[in-house]
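Undergrad: Model the structure of this input:
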Amino acid sequence: MHSLPDLQQVLKNCSIPALLPLQEHALAAFSKPDDIRIQSPTGTGKTLAYLLPLLQVLQIDKPGVKCLVMAPSRELVLQIVQVWKQMNTGVKCVGCYGGHPFQTEVDQLQELPLLLVGTPGRLADHLKRENLTLSQVQTIIVDEFDKCLDQGFEEEMKTLFSYLPPLVRKVFVSATQQTPVPAFAAVKQLQLVTGNESKEALPVQMFLVNATSKDKIDTLFMLLCSLKKEQAIVFCNHRDAVDRTVNLLHEKGIDAAFLHGGMEQSEREQAMVRFSNGTLGFMIATDLASRGLDIPTLQNVIHYHLPTSEEAWIHRNGRTARMNRGGTVYLVLHPDETIPDYLQEVPDEKKLDYTYPLPPKSKWETLFINGGRKDKISKVDIVGFLHHQGQLKKDQVGIVIVKDHISFVAVHRAAIREMLPKVKNARIKGVKYTVAVAR
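TA: Next up is the predicted model:
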């Protein structure tokens with residue numbers, strides 16, 4: 001069996017010049033036998049903080065699941081799997097979550113992966129159906145364990161923990177210190193691993209935007225116009241508010257994606273892809289987007305509705321100023337709303353100029369291709385196909401994302417109309433696939 005790559009090679013694969021403090025501290029903690037709690041604000045590199053040490057502790061000489069990672073949402077599961085794939089370790093990783101075809105996961109678990117990532121409910125279901133065994137697990141990691149408990153996964157987590165061998169390293173990850181490690185985990189001596197926890201040290205600016213009426217849509221519209229070409233996530237508290245806000249913005253001439261739990265998984269994937277690759281400048285979302293959505297270059301977070309708790313405030317704000325990049329947070333309040341108690345200082349007010357022009361449309365559009373990694377299609381295949389069959393120039397093809405059975409690629413908006421007829425009946429590696437504009 002092959003050996004795992006060294007740390008420097010993995011950092012190069014991930015385009016990371018150097019470890020962040022949290023990741024350095026985590027590597028040191030994994031060298032000791034104690035259980036671990038990783039506690040640090042969002043955007044400080046927590047996913048790599050627990051994945052990188054696996055290069056040193058993961059035993060790859062025997063088959064079976066050696067590391068089990070739990071996460072509270074399918075979005076976070078997908079993010080963890082994607083980061084592991086980017087690390088390019090050569091070690092199989094499988095993700096299990098609701099909304100993913102169950103039989104596909106059963107097939108993937110025929111040969112158990114060394115790294116298994118999933119939501120507690122889905123993992124417990126596979127365990128109950130005897131699709132997996134945990135007898136070889138050496139490390140269990142619970143990412144956002146506080147959210148796992150909040151979402152009612154305690155019984156499933158207890159079940160999974162009860163099947164673990166006795167000498168298992170337990171790692172609990174969270175952005176806040178509010179939730180204690182659950183008693184059923186039966187942790188040993190617990191090491192606390194932190195990064196830079198000073199909120200003042202994070203490069204985030206905060207502004208208060210006062211709306212003149214309870215219906216804040218005109219204020220939000222002008223705020224988005226003021227951002228010009230910068231991207232923003234706008235947080236609402238309910239699904240219907242997300243839908244209403246998107247529709248009202250569309251009427252005013254602003255394109256925006258929307259994201260909430262009422263959408264089909266495929267719809268959510270397309271929305272996140274179109275936002276992350278720069279096709280759309282704005283995403284209107286519930287708190288579903290406050291965890292597991294990792295766009296390092298995102299500049300702005302807008303609280304259109306007040307977050308329901310300090311924890312929600314922290315996680316929303318963590319979508320910007322990631323990996324030591326700067327960001328700006330806006331709190332939009334109508335006259336009857338008050339600043340939350342957990343804000344120790346009143347943010348500076350941002351005055352809006354009601355003469356801003358509409359934000360320019362992105363120069364990119366996203367194409368959908370109904371083939372992916374499992375169909376033996378790579379990024380190189382897609383780029384070559386668009387260059388040769390679509391006759392696109394190098395600078396007309398942007399970010400390419402290849403998933404198991406679908407792919408997305410950003411293409412210059414101005415080139416779409418002439419390109420689509422050229423690829424309509426063309427083939428990728430001898431197979432005809434549907435190529436269409438993602439919506």
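
Undergrad: just the helices in the stretch 301-439 of the chain please.
TA: Per DSSP state H, counting those that start in this stretch, the stretch 301-439 of the chain carries helices over the ranges 310-317, 379-388, 416-423.

Undergrad: For the second one, what is the distance to the chain centroid?
TA: So the one you mean is helix 379-388. Taking the mean of its C-alpha atoms, helix 379-388 sits 26 Å from the chain's own mean (CA atoms, centre = their mean, to the nearest Å).

Undergrad: do stretch 177-186 as well
TA: With CA atoms, centre = their mean as the basis, stretch 177-186 stands 24 Å off its chain's centre.

Undergrad: go on, stretch 53-65?
TA: Relative to its chain's centre, stretch 53-65 lies at 25 Å (CA atoms, centre = their mean).

Undergrad: I'd like the distance between the residue of the chain most remote from its centre and P120.
TA: Residue farthest from the centre of the chain, counting by CA atoms, centre = their mean, is T355 at 35.0 Å. Distance from T355 to P120, counting by CB to CB, to the nearest Å: 51 Å. C-beta: built from backbone N, CA, C; applies to glycine.

Undergrad: Please apply the same query to S378.
TA: 33 Å.

Undergrad: So between the two, which is more surrounded?
TA: A direct count of neighbours by other CB atoms under 10 Å for S378 and P120 places P120 higher, at 24 against 15.

Undergrad: so what's the more buried one up against?
TA: 70, 72, 148, 153, 156-157, 160 (CB atoms under 8 Å, 6 or more residues apart in numbering).

Undergrad: Which pLDDT value does the model give it?
TA: At P120, the predicted lDDT confidence score is 95.

Undergrad: cool, and the one 3 residues further on?
TA: For L123, the pLDDT comes out at 96.

Undergrad: any idea which element it lies in?
TA: Using DSSP states H and E, L123 sits within helix 120-128.

Undergrad: Same question for that helix: list its buried residues.
TA: Neighbour counts over helix 120-128 (16 or more other CB atoms under 10 Å) mark 120-127 as buried.

Undergrad: low pLDDT regions in the chain?
TA: Residues of the chain meeting the criterion pLDDT under 70: 1-2, 43, 196-203, 291-294, 296, 321-326.

Undergrad: How is it divided into domains?
TA: What automatic domain parsing lists as the domains of the chain is 7-194, 199-349, 364-437.

Undergrad: Excluding sequence neighbours, find me the nearest residue to R316.
TA: Closest residue to R316 in three dimensions, ignoring its sequence neighbours and counting by CB to CB, 6 or more residues apart in numbering: S290, at 4.6 Å.

Undergrad: nearest residue to T179 other than its sequence neighbours?
TA: Nearest in space to T179, with sequence neighbours left out and distances taken as CB to CB, 6+ apart, is D146 at 3.7 Å.

Undergrad: ok, the one you found - contacts?
TA: By CB under 8 Å, 6+ apart, D146 lies in contact with 174, 176, 178-179, 311.

Undergrad: Of those residues, grab the buried ones for PyMOL.
TA: Buried members of those, defined by 16+ other CB under 10 Å, are picked up in PyMOL with:
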select buried, resi 174+176+179+311
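
Undergrad: Mark which of the contacts of D146 are part of helices, please.
TA: Mapping these onto helices (DSSP state H) picks out E311.

Undergrad: Can you add distance to T42 and give the contacts of D146 back as TSV?
TA: Putting the contacts of D146 into TSV (distance: CB to CB, whole Å) gives the following:
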residue	distance to T42
S174	10
T176	10
Q178	14
T179	15
E311	11
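
Undergrad: Out of the contacts of D146, flag the one nearest to T328.
TA: E311 (20.9 Å; CB to CB).

Undergrad: residue contacts, the closest residue to that closest one other than its chain neighbours?
TA: Distance criterion CB to CB, 6+ apart; nearest residue to E311, sequence neighbours excluded, is T176 at 5.6 Å. Listed by CB under 8 Å, 6+ apart, the contact partners of T176 are 39, 146, 310-311, 314.
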